[in-house]
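Asks: I would like the atomic coordinates for the input below:
(2 chains)
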Amino acid sequence: MSMKEELISQIFSETEGIIGVFEILPSNKIDKYRILDEKKHKPSEMLPFLQNLVSETKKICSVLKDTPTEIIANSSDYTFLINTIKTDGSSLVLMLPKEGNIGVAKVIAQKVVAQCKSK
Amino acid sequence: MNKRNILIVDDEKNIVMSLSDYLEADYNCYKAYSVDEAIKIMKNSPVDVVISDVRMPGKTGFDLIRWLKENRPKVKTIMMTAYGSDSVKRAIRKEGAIFYFEKPIDYSEIRNIIEHIFSPRGFTADLSGMDLIDMLQILGFSGKDCTVTVRNRLGESGKVFLKNSVLLNAETDFNTGLEAFYDIIKWESGSFSVNALEDDINPEISYSLEHLLLEVSRIRDESNREYETAKEKAVAGDYTEFFQEMKDKLKECLALYVKKGKTGNVIISLVDDQKYSIENAIKNYNPDKSSKIKLDEMLITLENSYIIIQQLNSIDVIITAIFKKPCNIGLKYLTISKYKPLVEGMIK
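Replies: Numbering: from 1, shown residues only, chains lettered A, B, ... in the order given. As a prediction, this is how the structure comes out:
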């Protein structure tokens, strides 16, 4: 199951403070994404960074034989919240500014994961 | 609507003038350049809030607070000091100031606090640059019955329940009572909101908030001393001893790795349980260094454990720690962050 584009639109329309949403497939390909200001937050920088982040993280987790459910990653400018959608192994990434409200983002991510499960 | 009255007291005239200029659009500002002058003004004019320097020639800000306590107990006090050591902060709190600012002053923060003092409603605020202890002290002095919900930067939340300057209870995902209160106090950044006191609170603690906050200051002093000891070890360059102490301090830490450089040289590997021995994976962990976006830190929540990865980009070092669930991961995260500068100083 792939995360639907309308879910991405829904996140943007309902949530202040989220500046990017990405779906990363188990193959590590970024299937769908939307960035609020692509001039400021360039996809050419964002996408390879996120692909590397997710694949490198998976390597460590696989050795532990434990399944990641949520990743919070901070860079100097951004906070990324990554949730795994268990049903298809894809990852939902919410991008916030560094000082963004991670609590709100967590609630959104949980809703999306639940909606994906029910579809 | 009538403007509220604020008295600004400082022997530095430029501070009095500039702060008064900043606030006078919304408030009536009285100016005084000594404690005696301030008392004279208050004897003749209504004052709601006093903003005062601590150190002034002759009588000090502490003398002014004592006078206020006896003669104008309803007047709220905000202190400014250029000497923000823990002992001065403690003394300010002990004397009863509701808030203090270290010079140089951020006037917008002072405005926020004044607005809060005059606002009867619930509110939400960012904790960055603001000490949660100070906010609790404001609420304690106001005698407000309220629930303070605090959220740290990992999105974990905790609640503090206050009634008539008494801490009734506190709760986090892992603890309740005093332990939860001390956990929340250690969250140094995040956000909080203040709302009406929830019904049916079990008064598990029922301690004076003032007493508890003084105890928190003492604990912070002790923690700073421990940090200074660790710093000495870091300066001495003893990697193993330093990281072993760091691991001990983290408690519940199953494994701690320190990797230096692209080559995958793991310089520290401290493992309690071989199940969590992931040295090879750490060696092969290779974040994209060519990216303009530099990863600083990461918390991975797994089904049975947590992994914290802290990158020190300036010296090309990665610290990885594994913890078994459940544990208060927010505190672990903050502790590792606190040690980062020491590691940087030691390894560079």
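
Asks: where does chain B have its least confident helix or strand?
Replies: Between all helices and strands in chain B, the lowest mean by mean pLDDT, DSSP states H and E belongs to strand B:123-126, at a mean of 53.

Asks: quick one: whichever helix or strand comes after that strand near chain A?
Replies: Next helix or strand after strand B:123-126 toward the C-terminus (DSSP states H and E): helix B:132-142. No: with CB under 8 Å from any CB of the partner chain as the criterion, chain A is not reached by helix B:132-142; the gap is at least 15.9 Å. No exception for glycine: its C-beta is placed from N, CA and C like everyone else's.

Asks: outside of the very next helix or strand once past helix B:132-142, which residues touch it?
Replies: Next along the chain after helix B:132-142, taking DSSP H and E as the criterion, comes strand B:146-152. Identification of contacts with strand B:146-152 by CB atoms under 8 Å, 6 or more residues apart in numbering or on different chains yields A:103, B:122, B:127, B:132, B:135-136, B:139, B:157-162, B:184, B:187, B:189-198, B:330, B:334.

Asks: restricted to helices, list those residues.
Replies: Counted as lying in helices by DSSP state H, out of the contacts of strand B:146-152, are A:103, B:132, B:135-136, B:139, B:184, B:330, B:334.

Asks: the longest helix along chain B vs helix B:132-142, what angle?
Replies: Ranked by residue count, the top helix of chain B under DSSP H comes out as helix B:209-236. On the basis of axes from the mean of the first three to the mean of the last three CA atoms, to 10 degrees, helix B:209-236 is oriented at 170 degrees to helix B:132-142.

Asks: buried ones in helix B:209-236?
Replies: Buried residues in helix B:209-236, counting neighbours by 16 or more other CB atoms under 10 Å in any protein chain shown, are found at B:209-210, B:212-213, B:216-217, B:220, B:230-231, B:233-234.

Asks: these into JSON lines, with extra columns for distance to chain A and pLDDT?
Replies: Below are these laid out as JSON lines (distance: CB to the nearest CB, whole Å; pLDDT from 0 to 100):
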{"residue": "B:Leu209", "distance to chain A": "25", "pLDDT": "85"}
{"residue": "B:Glu210", "distance to chain A": "30", "pLDDT": "82"}
{"residue": "B:Leu212", "distance to chain A": "25", "pLDDT": "85"}
{"residue": "B:Leu213", "distance to chain A": "25", "pLDDT": "84"}
{"residue": "B:Val216", "distance to chain A": "24", "pLDDT": "83"}
{"residue": "B:Ser217", "distance to chain A": "27", "pLDDT": "78"}
{"residue": "B:Arg220", "distance to chain A": "24", "pLDDT": "75"}
{"residue": "B:Ala230", "distance to chain A": "23", "pLDDT": "76"}
{"residue": "B:Lys231", "distance to chain A": "24", "pLDDT": "77"}
{"residue": "B:Lys233", "distance to chain A": "27", "pLDDT": "75"}
{"residue": "B:Ala234", "distance to chain A": "23", "pLDDT": "74"}
